[in-house]
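In: Return a 3D structure for these sequence lines:
(chains A, B, C and D)
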4 protein chains.
Amino acid sequence: MIVVMKADATPAQIEHVAAHIQSLGMKPQVIQGTHQTVIAAIGEERVGLAETLEPGEGVEKVLPIMAPYKRASSELKRERTVVKARGLEVGGHKIAVIAGPCSVEDEEQIVSIARKLKALGATGLRGGAFKPRTSPYSFQGHKEQGLKMLAAARAETGLAIVTEVMAPEHVPMVAEYADVLQIGARNMQNYQLLQAVGDSGKPALLKRGMSATIDEFLLAAEYILDRGNPNVMLCERGIRTYEDHTRFTLPLATVPYLHEKSHLPVVVDPSHGTGKSRLVPPMARASIAAGADGLIVEVHEDPEQAASDGAQTITPDAFRQMMEQCRRVAEAVDRSL
Amino acid sequence: MIVVMKADATPAQIEHVAAHIQSLGMKPQVIQGTHQTVIAAIGEERVGLAETLEPGEGVEKVLPIMAPYKRASSELKRERTVVKARGLEVGGHKIAVIAGPCSVEDEEQIVSIARKLKALGATGLRGGAFKPRTSPYSFQGHKEQGLKMLAAARAETGLAIVTEVMAPEHVPMVAEYADVLQIGARNMQNYQLLQAVGDSGKPALLKRGMSATIDEFLLAAEYILDRGNPNVMLCERGIRTYEDHTRFTLPLATVPYLHEKSHLPVVVDPSHGTGKSRLVPPMARASIAAGADGLIVEVHEDPEQAASDGAQTITPDAFRQMMEQCRRVAEAVDRSL
Amino acid sequence: MIVVMKADATPAQIEHVAAHIQSLGMKPQVIQGTHQTVIAAIGEERVGLAETLEPGEGVEKVLPIMAPYKRASSELKRERTVVKARGLEVGGHKIAVIAGPCSVEDEEQIVSIARKLKALGATGLRGGAFKPRTSPYSFQGHKEQGLKMLAAARAETGLAIVTEVMAPEHVPMVAEYADVLQIGARNMQNYQLLQAVGDSGKPALLKRGMSATIDEFLLAAEYILDRGNPNVMLCERGIRTYEDHTRFTLPLATVPYLHEKSHLPVVVDPSHGTGKSRLVPPMARASIAAGADGLIVEVHEDPEQAASDGAQTITPDAFRQMMEQCRRVAEAVDRSL
Amino acid sequence: MIVVMKADATPAQIEHVAAHIQSLGMKPQVIQGTHQTVIAAIGEERVGLAETLEPGEGVEKVLPIMAPYKRASSELKRERTVVKARGLEVGGHKIAVIAGPCSVEDEEQIVSIARKLKALGATGLRGGAFKPRTSPYSFQGHKEQGLKMLAAARAETGLAIVTEVMAPEHVPMVAEYADVLQIGARNMQNYQLLQAVGDSGKPALLKRGMSATIDEFLLAAEYILDRGNPNVMLCERGIRTYEDHTRFTLPLATVPYLHEKSHLPVVVDPSHGTGKSRLVPPMARASIAAGADGLIVEVHEDPEQAASDGAQTITPDAFRQMMEQCRRVAEAVDRSL
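Out: Predicted coordinates:
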């Protein structure tokens, strides 16, 4: 940590900060600059220490040096993590595609679409049984019934089931049916939920909060890893910015950046990331070119009749074309799909 | 709802959308513009309907007309809501001040600071027993022990206890000790939690999510109201923007705007809203001038030793000065404090 | 400047960076941390130096320490700047109010409104003769004719004329008529224009760019100051964020923050800052409570007929009420208006 | 345009708005909804009309329907524009690559790098002679000397020269040397400059403002097109968001979205878009996969010694690898490079 003192800080103030650093178990090293003094705090830089130094008299700002996450860091674990759940494998040479409707609507629907998706190359089936909805008046999902429908689709196709869990108390039930527990963007900092998913030991797909920084994203992963569950996939799904022609802004530089900082695999969601079905295929291609380890895409037989998210959902036919394009891009970056 | 058709939409596409609107229980009215056709959908505009119209062939965009919230709307309930919890009253002529440390650290600390705050004019005591922390390695709060310490401070001072609840399963326990259940910014869209707080019947302080729109904020309140709990306070605590000289950007226009759209009282948190103790008093004054019904402020005897959030915490002495200034501003806008 | 080396940086890489720092005229001081090495660069920290250090092998990031602005800094000049232009005085005890229509429409209009504004307490008259418009098809202002109309209004009322200049080659002409040259938000980083305004010696009202950081804002002021023109007013007019219920987000913490970092006076524009006439008076009050030295407000006899910006323009009657409220808030913070 | 009336709007208010619409030359059509009345304004929807309707009594909001740009629109001109400047051709089957240093430093440097870039497949040479710099104390470019150095590099290699022009009065001089006039992000709404570039008739590379919406971006292009200059390339270079691990956030969905709305070619700048040299190659690949018609990339022999932007500059060797990867991705999306 580096404590930057104000230009007019007094020697007593500098000494006070140095003593405070010492009391926190670190070694202060005072550096006399031309205009200002800075004090380096040497030692283990625990999260939150900056907060106790900033209110000091004469302190201008405190700059953390170390990344606040550990288990998620590529410094701690150099080999890349490959998450496996049935036939779904994310983080290896082959790029994984998880596809399916926003919500599970009925058994026939989900089994029928699952068959098509499997035939077209998907290895995971997405579909919401518990739906976090902005309005209390929107369809909230079929809950356990929905999970059973997903299980039926898996029995038919062998696709790994990826579905959202919204509350710690639902984790055991969802874990019984699902192969991968999805944590939604709105719940990225629902720490009780993260810990419950960590305790379940099930592979997790952690979506980035819509205004989360990369540090916050990796610290959310850390909550799961810290419970002894190493099977975490990071999912970029778009962030909230001033742009209004798309539902969110999909920042693909996240992919190579996360690969540099972390060993965890990175999945991209071009459906939520754009909110517009026509933009899904080009952004799926771009995600792969940027290095994504997987895609998660909303597909429905008839988007106009979908119970939710119709505007960003593609048809099986559009999905087929997207897969063909993505396969070629994957090969161009020495991956397969 | 208004469906805007593309300039080159065919008559068949226009007819199809009109029929779809009819099938959704609304009446379509086709308006022939100079360049484009628009179709007005007359009738109850349920949340999510736009999604089913957007993927239609020939559709350019769908514009919702009605506000998606109902119970939170000032159209439904014209008289302003006043939330009462012991001596704390928010939404009336008198501006309420809730103050206290970020975290409850020990009983002596919380009782001692509560006495001072009470003497200086606070009517609510804040203090975290359950702390949502970005890092799993940060101090997470004293949990039930912390709640007991808060109860002890209330026994001494009569201040209403305002404290955060982080998970649905903790609601009964926290509700046993607290007078107001606080829902943090990270949990604004934790719908299970909102419903549990709604069911508890306890007054709720709902913090705005750090990238929530006003519609999303009021829909989160709607989740609580919809469970039959009318005692909701809205709290503006700053939003995430590109600004980096403050921890968040505190948009005070939220205050008069919410007053126009909703009957619920509005509280401002200048501590989280700025992240810098020096900026807390001017923004507290500004909040009152903008029409806030209450303030929630972090105060600690020794911010440098605070277990969390030291950088944005003010001392009792600074709080005293802030209260004097705020009292004068309150009078200038025909309120009291 | 602090150069943070990667955890796995080699001694040769550390040495290379230290040598590079030396070649830049600074003195490197190597600090051996627990996990990482950081190198402090002691000496004059010129803007842009960070850029030459970041690409170094083994470098993780470079943290600047010193503020990049000098003449705008409160460290260089401790007494606050008061800008004077005729009866308009900004930065002293009295809060200044600049008011008027968005665009100058005709002489009768501007003279008539100027009389009313003067009577209600304004000391500056705003009005656009050159209008920067997002669309080439919008009204672009009456140009020199408009300036003459403003001069006529000044002749009648004595109000100081504040009007925008959009291009370096217009500076001499606008300076002939205006008392204060306004630089619009879109031109905050139009450096040729800043220099031309600096050279003119005329008082300048510099609007914050809609996504400018505070450092960028003060560096834009520095361009003017650096030409020997000390009469710069900083104007917060709202920033672009994801919020869509207001035209921009008006972050009032800018006011006390700028007062801390700079000696220049700070004006707030609640008209552009909100984009909604109903929100202008509460945000004007809040600006004053936050410590603003002045306000700039759009007023028009008939906002529905205004040539531009009608939605955010208030009537003379609303302005009168706003002034009464603001006067009381000003007194509450020991200022006058 | 659609005017949404408040739920409690009176018949007189509705009539007033209808009459106002008529007075603006449009035909009002009143639609009685279940809760609210909306009024459709049929006719030519001029930019700025919404502003005159919003302040009406009883008006809740005004929703524009038509895109505000015309000449830039793909509705007006269906065939895609191909911009040609010497060997540089942007918008056709072949993807164009413009590369070079941030600043022109000396003739030897620019000629030498131009030779390498040409050999590696670039068809345009970038290099700043006029540099817009955030600080007045930074290197501002060699100006006309720099232009001459660029011309020398062109004489050697035949590469088209792409260089920034910062002020209307410099347009003739820059146009004398350059093949493409670049308008920087900070100047996207410098309307005098846009018009001067329009008048010059030279091909223009228009960079997106760092907080510009797509409508604002296309309206800026419209300023150039409206002067009879059809040779405009749009350049996405990243937007300002809360993300701080990259210099800007590069939103690639802009590429297919612009292709849908406009006939103009789209170039991506992954150097400014990320600010980090390591992220440039993956984002270059992703840009091509998303459908970009061109790339503009900063390359320097020795980024550590570059006069500006070193952190985001790649070496010729990294550029060579990037070109190989991009060529493969281009083929995968049926383009060439």
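In: Counting by contacts, list what the helix or strand of chain A with the lowest mean pLDDT packs against.
Out: Lowest on mean pLDDT, DSSP states H and E among the helices and strands of chain A sits helix A:49-53, with a mean of 78. Packing partners of helix A:49-53 (3 or more CB pairs under 8 Å, 6 or more residues apart in numbering or on different chains; DSSP states H and E): helix A:11-23, strand A:59-63. Any C-beta I mention is one placed from the backbone N, CA and C, and that applies to glycine too.
In: I'd like to know which of the ones you listed is closest to B:Ala114.
Out: Proximity to B:Ala114 (CB to CB) singles out helix A:11-23 among the helices and strands packed on helix A:49-53, at 26.6 Å.
In: Using CSV, write down the CA coordinates of whatever helix or strand comes next after that closest one.
Out: Downstream of helix A:11-23, the next assigned helix or strand under DSSP states H and E is strand A:27-32. Provided in CSV are the C-alpha atoms of strand A:27-32 (Å, rounded to 0.1, in the frame of the first residue of the first chain):
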residue,chain,number,x,y,z
LYS,A,27,6.6,-1.9,7.9
PRO,A,28,6.4,1.8,6.9
GLN,A,29,9.0,3.1,4.5
VAL,A,30,9.0,6.9,4.1
ILE,A,31,9.9,8.3,0.7
GLN,A,32,10.7,12.0,0.5
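In: Who are the packing partners of strand A:27-32?
Out: helix A:11-23, strand A:37-42, strand C:27-32, strand C:37-42.
In: Which one, of these, ends up nearest to C:Thr241?
Out: So among those, strand A:37-42 is nearest, using CB to CB, at 32.3 Å.
In: and the closest one, how far from the chain's centre?
Out: Here the centre of strand A:37-42 is set off from its chain's centre by 34 Å, with CA atoms, centre = their mean, to the nearest Å.
In: Reformat the helices and strands packed on strand A:27-32 into TSV and put mean pLDDT next to each item.
Out: Compiled in TSV, the helices and strands packed on strand A:27-32 are given as follows (pLDDT from 0 to 100):
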stretch	mean pLDDT
helix A:11-23	93
strand A:37-42	92
strand C:27-32	92
strand C:37-42	92
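In: my guess is A:Glu57 meets A:His16, correct?
Out: Yes: A:Glu57 is within contact range of A:His16, at 7.0 Å (criterion: CB atoms under 8 Å).
In: out of those two, which sits in the busier spot?
Out: Legend: neighbour count by other CB atoms under 10 Å in any protein chain shown for A:Glu57 and A:His16, higher for A:His16 (17 against 13).
In: can you pull the contacts of that one?
Out: Residues in contact with A:His16 (CB atoms under 8 Å, 6 or more residues apart in numbering or on different chains) are A:56-58.
In: what does the helix or strand harbouring A:Met149 contact?
Out: A:Met149 belongs to helix A:144-157 when assigned by DSSP H and E. Here helix A:144-157 makes contact (CB under 8 Å, 6+ apart) with A:86, A:103-104, A:106-107, A:110-111, A:114-115, A:117-118, A:125, A:127-130, A:142, A:159-161, A:163, A:173-174, A:176-179.
In: Helices - which of the residues you listed land there?
Out: Using DSSP state H, the subset of those located in helices is A:107, A:110-111, A:114-115, A:117-118, A:173-174, A:176-177.
In: Return the residues of the stretch 151-300 of chain A in contact with chain D.
Out: Neighbours of chain D within the stretch 151-300 of chain A, by CB under 8 Å from any CB of the partner chain: A:211, A:213-214, A:239, A:241-246, A:249-253, A:255-257, A:260, A:273-274, A:276, A:278-279, A:282-283, A:285-291.
In: Could I have the buried ones of these as PyMOL selection syntax?
Out: Restricted to buried positions by 16 or more other CB atoms under 10 Å in any protein chain shown, the PyMOL selection for those reads:
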select buried, chain A and resi 211+213+214+239+241+242+243+245+246+249+250+251+252+253+255+256+257+273+274+276+279+282+283+285+286+287+288+289+290+291
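In: thinking again about what came up before, so among the contacts of helix A:144-157, which ones count as buried?
Out: Among those, those buried by neighbour count (16+ other CB under 10 Å) are A:103-104, A:107, A:110-111, A:114, A:117-118, A:125, A:127-130, A:142, A:159-161, A:163, A:174, A:177-179.
In: Give me the packing partners of the host helix or strand of A:Pro282, helices and strands only.
Out: Here A:Pro282, judged by DSSP H and E, is contained in helix A:280-290. If contacts are counted by 3+ CB pairs under 8 Å, 6+ apart, helix A:280-290 sits against helix A:254-261, strand A:266-268, helix A:270-274, strand A:294-298, helix A:316-332, helix D:254-261, helix D:280-290.
In: The shortest one packs against which elements?
Out: When contacts are defined as 3+ CB pairs under 8 Å, 6+ apart, strand A:266-268 sits against strand A:232-236, helix A:254-261, helix A:280-290, strand A:294-298.
In: relative orientation of the third one and helix A:316-332 in degrees?
Out: Counting by axes from the mean of the first three to the mean of the last three CA atoms, to 10 degrees, helix A:280-290 lies at 20 degrees to helix A:316-332.
In: so what's A:Val47 scoring on pLDDT?
Out: In the predicted model, A:Val47 carries a pLDDT score of 66.
In: The residue nearest to A:Val111 when sequence neighbours are not counted: neighbour count?
Out: Leaving aside its sequence neighbours, A:Val111 sits nearest to A:Ala153 (CB to CB, 6 or more residues apart in numbering or on different chains; 4.8 Å). Neighbour count of A:Ala153, defined by other CB under 10 Å: 26.
In: what does A:Phe319 give?
Out: When neighbours are counted by other CB under 10 Å, A:Phe319 comes out with 26.
In: Then A:His93?
Out: As a burial measure, A:His93 scores 11 neighbours (other CB under 10 Å).
In: ok, it - contacts?
Out: By CB under 8 Å, 6+ apart, the contact set of A:His93 is A:335-336.
In: Tell me the confidence at it?
Out: 97.
In: Please name the residues that touch the nearest residue to A:Asp302 once chain neighbours are set aside.
Out: Excluding the flanking residues, the one nearest A:Asp302 by CB to CB, 6+ apart is A:Thr315, at 7.6 Å. Residues near A:Thr315 by CB under 8 Å, 6+ apart: A:299-303.
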